[in-house]
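# quick one, structure for this:
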Amino acid sequence: MTRRDLLQAMFQAAIGAASPALCVPPHLPPPPAGRTVVVGAGKAAAAMARAVEEHWTGPLSGLVVTRTGHGVPCRRIAVVEAAHPLPDDAGMTAATRIVHLVAGLSADDLVLCLLSGGGSALLALPAPGLTLAEKRAVTAALLRSGASIGEINCVRKHLSAIKGGRLAVAAAPAPVVTLAISDVVGDDPAVIASGPTVADPTTRADAIAVLRRHGIAVPAALAAGAETPKPGDPRLAAATVRVIATARQGLEAAAAVARFHGWQPLMLGDAIEGEAREAARVFAGIVRSIRDHGQPVAAPAVILSGGETTVTVRGRGRGGPNTEFLLALALAGVAVDALAGDTDGIDGSEDNAGATIAADTLHRAAALGVDGAAFLADNDAYGFFAALGDLVMTGPTRTNINDFRAILV
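Next up is the predicted model:
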C-alpha cells in the first residue's frame, strides 16, 4: 500500500465510522402510543431519515432538509434539498413546513429530530422582523471573518425563529428525541445545527458581541428580538438529545487502520481550532520533534487530529480550511505525506473534500510554475492543488464529523 493509499484508507475509515446506516438504528426510541413525526436538517439528514425508515416498526411521516446533492430516496419522509452555507428560499420553506408538522401534537405523540452538520444554514427561518436577505448577508460576513463555529451558531440562533430550542417549544407537549451526528468541537448539542431542540445558554448580548468583535453590522431585528429558551425552561422538559457519532470515533477508526499497516498513531484530539495556516505551523513543529528526537512518539508514526480550523479570507482565491492547512504545511518545509479533508465531502464551499501533499509537492509545483506562497497569500489553496491534481474528491458522503487530518512521519 502506498502512503497516499494509506491516507485515503484512513480518511474513508473515519467517514465510515459515522455512517447513518450504522449509527442511527441502535439509538432509535420505542414507538409512541400516538403519531411519530420525523423532522431534521443537515448534510446527513436524508441518509439518517432512510436509516429510520428501514428500522422503524410503526407508522411515521415527516420532512428533513439536506444540502443540494446530499439527498437519498425515502418512502415516507419527505426530503427537501436546499443551499449551504448560505440559506435560501428552499431552506426557509422547509423550516416553515417543519414547524407546522410539529404543531398541535399531544403528549402521546413523538417528534424524532435528526440533526447533523450543515443544519444551521439549511434550517432557515428568520426571526420576526428579519428578512432572508439580511440573514444571508450576516452569515456571509461571519463565514469570511474567521469566526469560530460556536460564534457563528450563537448569532444564527438569535436570528432564527426555529433554532436555539424554539423547534422543541413548537412541538410541546410532544416528547422530542433528537439524534445528532456532531460536527462541532466538544460535541455540544446546543451548538450542533444551532440546537433547535436544546436550551440555549447564550444570549442576544452574546450574539451582538460576536458581530461587533468581527466588525459586522448588527441587524435591528437582533437588537430588538426575543430571547431564546434557556436551561430549565419547562417547555423543554420532554426534549432529550443523543449524540450518536463524533469526530473522536472517526479518529479511532483511522488509528486502527494505521496500526494494522504498522504505523503508530499519535492522537492529538478532535478539538483543534484556530486559523488553518497557524495550526499548520504547530503541526510542522511536531513533525520535526518526531524526526529529530523521537518525541512524543517514534517514527513511523501518523499524526491524527480533528476539529474545525478557520480561514480569515483576505485574498480572492478558492479553498477551504483543509486545503489551506495543507498548503501552509507544505510551505513549512517539513516535506511529509499528509491528507486533510472535511468528512462531509465539502471543504468550505468547494466541490472537494480536501487534498493531499507529499514530500515532492513543492518541487512538482515549481516545475509547473506554480508559486505556493502566492497561492496561499490569495487564499487559493484550491487552485494550487487543482494544478497539481492533488485534490481529494469524494462527492457528498452524507455524514459529517468535521475535519480530518493525517500526517505520516
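# distance check, the residue lying closest to L28 once chain neighbours are set aside against L22.
Leaving out its chain neighbours, the residue that sits closest to L28 by Cβ to Cβ, 6 or more residues apart in numbering is H55, at 6.0 Å. C-betas here are computed from N, CA, C, even on glycine. Computed as Cβ to Cβ, to the nearest Å, the H55 to L22 distance reads 11 Å.
# quick revisit: so the residue nearest to L28 sits against C23, correct?
No: using Cβ atoms under 8 Å, H55 makes no contact with C23, being 11.8 Å away.
# tell me the contacts of T343?
11, 14-15, 18, 183, 247, 250, 353, 397, 399-404 (Cβ atoms under 8 Å, 6 or more residues apart in numbering).
# quick one, domains of the chain?
3-13+248-408, 20-245 (automatic domain parsing).
# show the contacting residues for A94.
A41, L63, V65, V80, A82, L122, L123.
# next SSE after the helix or strand hosting it?
For A94, the host element (DSSP states H and E) is helix 89-102. Note on helix 89-102: by DSSP H and E, the next helix or strand toward the C-terminus is strand 110-115.
# could you give the separation of the helix or strand bottoming out on mean pLDDT in the chain from the chain centroid?
Least confident element among the helices and strands of the chain, by mean pLDDT, DSSP states H and E: helix 220-223 (a mean of 89). Offset of helix 220-223 from its chain centre (Cα atoms, centre = their mean, to the nearest Å): 27 Å.
# and that helix, what other elements does it pack with?
helix 204-213 (3 or more Cβ pairs under 8 Å, 6 or more residues apart in numbering; DSSP states H and E).
# elements contacting the helix it packs on?
helix 132-145, helix 149-158, helix 220-223.
# quick check: which of those helices is nearest to R314?
helix 132-145 (9.1 Å; Cβ to Cβ).
# can you pull out the strands in the chain?
For the chain, the strands defined by DSSP state E occupy 36-41, 61-67, 77-82, 110-115, 176-181, 239-245, 264-267, 272-275, 301-310, 337-342, 354-357, 391-392, 403-408.
# turn the ones you listed into JSON lines, including distance to K163, mean pLDDT and mean neighbour count.
Formatted as JSON lines, these follow (distance: least, Cβ to Cβ, whole Å; pLDDT from 0 to 100; neighbours: other Cβ atoms under 10 Å):
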{"stretch": "strand 36-41", "distance to K163": "10", "mean pLDDT": "98", "mean neighbour count": "28"}
{"stretch": "strand 61-67", "distance to K163": "13", "mean pLDDT": "98", "mean neighbour count": "26"}
{"stretch": "strand 77-82", "distance to K163": "15", "mean pLDDT": "98", "mean neighbour count": "20"}
{"stretch": "strand 110-115", "distance to K163": "11", "mean pLDDT": "98", "mean neighbour count": "28"}
{"stretch": "strand 176-181", "distance to K163": "13", "mean pLDDT": "98", "mean neighbour count": "27"}
{"stretch": "strand 239-245", "distance to K163": "14", "mean pLDDT": "98", "mean neighbour count": "21"}
{"stretch": "strand 264-267", "distance to K163": "32", "mean pLDDT": "97", "mean neighbour count": "18"}
{"stretch": "strand 272-275", "distance to K163": "22", "mean pLDDT": "93", "mean neighbour count": "17"}
{"stretch": "strand 301-310", "distance to K163": "19", "mean pLDDT": "96", "mean neighbour count": "23"}
{"stretch": "strand 337-342", "distance to K163": "22", "mean pLDDT": "98", "mean neighbour count": "28"}
{"stretch": "strand 354-357", "distance to K163": "28", "mean pLDDT": "98", "mean neighbour count": "28"}
{"stretch": "strand 391-392", "distance to K163": "31", "mean pLDDT": "98", "mean neighbour count": "22"}
{"stretch": "strand 403-408", "distance to K163": "23", "mean pLDDT": "98", "mean neighbour count": "27"}
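# between these, which one is closest to L159.
Of the strands of the chain, nearest to L159 by Cβ to Cβ is strand 36-41, at 15.6 Å.
# remind me, longest helix of the chain?
helix 276-293 (DSSP state H).
# what's in contact with it?
In contact with helix 276-293 (Cβ under 8 Å, 6+ apart) are residues 266, 268, 272, 295-299, 301, 303, 305, 309-311, 321-322, 324-329, 332-334, 336, 376, 405, 407, 409.
# then stretch 44-55?
By Cβ under 8 Å, 6+ apart, stretch 44-55 touches 18-21, 24-25, 28, 38, 40, 42, 60, 62, 64-66, 70-77, 79, 112, 114-117, 119, 122, 179, 181, 344, 398-400.
# in it, what's buried?
Buried residues in stretch 44-55, counted by 16 or more other Cβ atoms under 10 Å: A44, A45, A46, A47, M48, A49, R50, A51, V52, E53.
# now swap in stretch 233-240 and tell me
In stretch 233-240, counting by 16+ other Cβ under 10 Å, buried: D233, R235, L236, A238, A239.
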